[in-house]
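Colleague: I'll drop the sequence and a predicted model, then ask my questions.
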Protein chains: 2
Amino acid sequence: MKKGVLSRALFMLPLLALPLTASSCVDARSAINEEYRADVARIIEAVRSQGLQFEKLVELCDGIGPRLPGSPAGRLAREWAVETMRADGADRVSEEEVMVSHWVRGSEAAWLTLPWWRPLQITALGNSIGTPAEGIEADVIVAADFEEFGSFDVADVEGKIVLFNFPMRRTSRDMSGYAEAVAYRSQGPVVAARKGAVACLVRSVGTGPAGNLHTGMTAYQDGVDPIPAAALTMADAGSIDRLFRSGEQVRLRLELDVRTLPDAGDANIIGELRGSELPGEVVVIGGHFDSWDLGTGAHDDGVGCVAAMETIRILKLLGLRPRRTIRVVLFAAEEVGGLRGGNGYASQHAGEAAEHVAAIESDGGAGPMIGFSAAGTTEAGYAVLRDILQFLGPVGADELRIGGGGPDIGPLGAHGVPLLGLWASTEHYFDYHHSEEDVVENVDRDLLADQTAAMAVMAYILADLETPLPRISGNR
Amino acid sequence: MKKGVLSRALFMLPLLALPLTASSCVDARSAINEEYRADVARIIEAVRSQGLQFEKLVELCDGIGPRLPGSPAGRLAREWAVETMRADGADRVSEEEVMVSHWVRGSEAAWLTLPWWRPLQITALGNSIGTPAEGIEADVIVAADFEEFGSFDVADVEGKIVLFNFPMRRTSRDMSGYAEAVAYRSQGPVVAARKGAVACLVRSVGTGPAGNLHTGMTAYQDGVDPIPAAALTMADAGSIDRLFRSGEQVRLRLELDVRTLPDAGDANIIGELRGSELPGEVVVIGGHFDSWDLGTGAHDDGVGCVAAMETIRILKLLGLRPRRTIRVVLFAAEEVGGLRGGNGYASQHAGEAAEHVAAIESDGGAGPMIGFSAAGTTEAGYAVLRDILQFLGPVGADELRIGGGGPDIGPLGAHGVPLLGLWASTEHYFDYHHSEEDVVENVDRDLLADQTAAMAVMAYILADLETPLPRISGNR
């Protein structure tokens, strides 16, 4: 009881009373340590020795494969998830329907036609329109970045295919390198179309192999005619850039049979470990269940899904039933369209937002764990999280980063729910991400165990704390 | 003159007189140092500041692309090489015809059909026969290595598709990891066919990305029916292995339209820097001009070819004309068939073998330089080489490894010609080798300059020494 009283007291402290908050934290920390240390050790040990997270990933990714929203494989995968969670003994397994954007990829081809004929590898960007059936053939103009593109006259660009050949910077503790590079994928087509381009190509985003193709969403804008958008490999983008800058006339032919169909039915998948005292209060854990189609969505986001699914099985195995309910949510359609899964869940459960004590997402791949990111709680709440993270040294996950969460739980954050994100190194994540490299072969079994243990520990303690994490708005 | 007298004295010493040989070497070393130090510095500086080796590589690989023996692109590339060496001012540029194996790759496709349908990426191994037009569909049996395969009964294998899923070990100072792994590519189909397999698949050889396909030669054997042979990506090979070992029935469909056509006309390409005193004596330098077709043959072996071509241009630029002739040989058809280029050159020039004072090949990619490998000379000869290598510290190429050379100059070695090979780290070479990753994008401009400088320095000094390297047979 002491712990609970303290936590509630912390929550009620005004944010300005920092010295008092800080000193109270010390007490809270030791209380948490005492109570949970043994449980945490058991969870980590069980995940490492008996965890089936890797086997689940094999079944999902090697077994069923990529899972674009609206695709037949996506439906098969949902059936697998429901059956698997039932077999694992989850207390309530269900599907909550959402409608999703249904973009489909048909045939894709491109050729260099000048200065000589050569086939190119190409992949359409998600959401791209197709070319006319007869294709598009046009001269190419290459820009290193938006700044260089800004220096081009409309007359230089009009009627041409624009290639943005911006190389991504590798980072590990944040995704700033990705954020810079992905701007060309998401905004390039609109920027190019504004100066009259007939198609937009981008250097594949990522730090991965030069022959890799990277797909992912692009965006169009009202008032700007949409143009076909695709990625070349880094190798071909570099090659075309070198030819272009040598003064050659570079011409390219493009045939993309891709299109957006009417919205399709999909679902968020739910599975629970019912809370022992307050089953109506919930900690949501999960990731997104859909994936891009070039690989099998192993890192993005098979990993987050199986870590959440396995959390329930491991806690049941150990007889660790927390006070509140842990609810696995495997979100639909994070990759394509506007977060239909995450928005759908938040709106369908808006009435119970106050009973959602926290949401935890993993959507950054299974690199070596660093810790957790968190948002939407108070200084006192962050102090509690730091206490919990002290237990996660054995899996390398003991750092706290303020700010974060995950794309699918973001909409819950808007309802005041504290958000946490698993924080793993992304040093190699973008060698795989959205490409044919995002496969089980590139997932390390031990690192996936570390991630699963981190999620299970965090979910268990947050669901079991006598007083939940304070909300930043204080309106709970 | 002192250097020449000493070198000749060394060469004449009986091999058993090691102490005397060793002490003589000290004198030879200082003589070489004195004479060539300034030239070497000029060569390195010129390659770095004015070398066009990278531009040549761009023209060849980005410009013309892959160069399978007998292919139209191979012919275009020869024309480019002849024109380029003429423009560079080489003294004699010619083509020496050889006939080459003409293996062609048409369409290739594979699908997993059980436990579910899924397209696979596949590439036929060079020399493979095709499947019947209707394809082959059969159950799969997976072996980790030859040892495990040895434990299978004929009844287990008969009528099945065998997959060897042997992962390659990464090495850097030798190619032992490749040698182990490539055994499955070259011998797997015969080993599998002996137990009645209907096709043989191998995990792509290499340390490269999991989604990479690696091609390369396979071999058939008289008395063993040839079966179609192809490589899967590491990702798919791993995936099928995991499914197979989980007890699933794994079935696969294979359609390979590949075949060997009648031998085609090809040529070794020759370009020279005529010697000032002994133009009839020759140092051969080069690499092989053909390449596999998945990438553009940038590391394998565009690098060796442009380093040799640029050696002539740089020495001319500096007015450094050695006593003997430096002869660039861009060998045909190293990759496909039995070294038709290298064997052709050696047999066409057998009568002048005694006038070939050394041959230098680069065929290990443009990793960071380590030094040179050498074979076919005496202890005194190796001592001379060590003297020369002292100059190459600035490009990292100062180590000598006894034993080596290169595939295309090997046949010259059989005629007693001392052989040298450029020795670069292969730590990342097999991330690219024989795959779509072997492209300019993966070649480092500075490392290519280091390699070019190392080749130019070694060629220049060996062609200029008053007394050439001793031959091991002493029969010169």
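Modeller: Cool, got the structure. Numbers count the residues shown, from 1 in each chain, chains lettered A, B, ... in the order given.
Colleague: any regions of chain A where pLDDT drops low?
Modeller: Where chain A drops to pLDDT under 70, the residues are A:1-31, A:33, A:473-476.
Colleague: can we see that at 80?
Modeller: Residue ranges of chain A with pLDDT under 80: A:1-34, A:473-476.
Colleague: quick one, domains of it?
Modeller: As assigned by automatic domain parsing, chain A contains the domains A:2-91+A:274-464, A:103-260.
Colleague: could you dump these to a markdown table with mean neighbour count?
Modeller: Backbone N, C-alpha and C define where each C-beta goes, glycine included. Output for those, formatted as a markdown table (neighbours: other CB atoms under 10 Å in any protein chain shown):
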| stretch | mean neighbour count |
| --- | --- |
| domain A:2-91+A:274-464 | 22 |
| domain A:103-260 | 20 |
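Colleague: which one of those lies nearest to B:His349?
Modeller: Nearest to B:His349, of all those, is domain A:103-260, at 34.1 Å by CB to CB.
Colleague: what's the span of that closest one, first residue to last?
Modeller: End-to-end distance of domain A:103-260: 4 Å, with CA to CA, to the nearest Å as the criterion.
Colleague: rewinding a little: including distance to B:Gly208, could the domains of chain A go into TSV?
Modeller: Formatted as TSV, the domains of chain A follow (distance: least, CB to CB, whole Å):
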stretch	distance to B:Gly208
domain A:2-91+A:274-464	10
domain A:103-260	7
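Colleague: as CSV, these with distance to chain B would be great.
Modeller: Below are those laid out as CSV (distance: least, CB to the nearest CB, whole Å):
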stretch, distance to chain B
domain A:2-91+A:274-464, 4
domain A:103-260, 4
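Colleague: for B:Tyr178, find the nearest of these.
Modeller: Comparing those against B:Tyr178 with CB to CB, the closest turns out to be domain A:103-260 (18.3 Å).
Colleague: all strands of chain A, in order?
Modeller: Secondary structure of chain A (DSSP state E): strands located at A:93-114, A:118-120, A:122-124, A:136-143, A:161-164, A:199-203, A:229-232, A:251-273, A:278-288, A:324-331, A:356-361, A:369-375, A:399-402, A:419-424.
Colleague: partner strands of the first one and their direction?
Modeller: According to DSSP bridges, the neighbouring strands of strand A:93-114, each with its direction, are strand A:118-120 (antiparallel), strand A:251-273 (antiparallel).
Colleague: can you redo those strands as a markdown table with distance to B:Leu400?
Modeller: Shown next, in a markdown table, are the strands paired with strand A:93-114 (distance: least, CB to CB, whole Å):
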| stretch | distance to B:Leu400 |
| --- | --- |
| strand A:118-120 | 41 |
| strand A:251-273 | 48 |
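Colleague: A:His428 is nearest to which of these?
Modeller: A:His428 sits nearest to strand A:118-120 of all those, at 26.2 Å, using CB to CB.
Colleague: nearest to B:Ala133, out of the strands of chain A?
Modeller: When those are compared by CB to CB, strand A:93-114 sits nearest B:Ala133, at 22.2 Å.
Colleague: starting at the chain centroid, how far to the closest one?
Modeller: Averaging C-alpha positions (CA atoms, centre = their mean, to the nearest Å) puts strand A:93-114 18 Å from its chain's average.
Colleague: check contacts around the nearest residue to A:Gly287 once chain neighbours are set aside.
Modeller: Nearest residue to A:Gly287 in three dimensions, chain neighbours excluded: A:Gly304, at 2.2 Å (CB to CB, 6 or more residues apart in numbering or on different chains). Going by CB atoms under 8 Å, 6 or more residues apart in numbering or on different chains, A:Gly304 touches A:Gly286, A:Gly287, A:His288, A:Glu361, A:Ser362, A:Asp363, A:Gly406, A:Leu422.
Colleague: let's see 10 Å
Modeller: Neighbouring residues of A:Gly304 by CB atoms under 10 Å, 6 or more residues apart in numbering or on different chains: A:285-289, A:330-331, A:334, A:360-366, A:406, A:408, A:421-422, A:451-452, A:455.
Colleague: of the domains of chain A, which is nearest B:Gly342?
Modeller: Of all the domains of chain A, it is domain A:103-260 that lies closest to B:Gly342, at 28.7 Å by CB to CB.
Colleague: before we move on, the earlier item: right, so of the strands paired with strand A:93-114, which gets closest to B:Ile314?
Modeller: That would be, of the strands paired with strand A:93-114 and by CB to CB, strand A:118-120, which comes in at 30.1 Å.
Colleague: so for A:Leu232, which of the strands paired with strand A:93-114 sits nearest?
Modeller: strand A:118-120 (6.2 Å).
Colleague: need the residues that contact that closest one.
Modeller: If you take CB under 10 Å, 6+ apart as the criterion, strand A:118-120 is touched by A:109-112, A:201, A:230, A:232-233, A:235-237, A:239-240, A:252-254, B:62-66, B:73, B:296.
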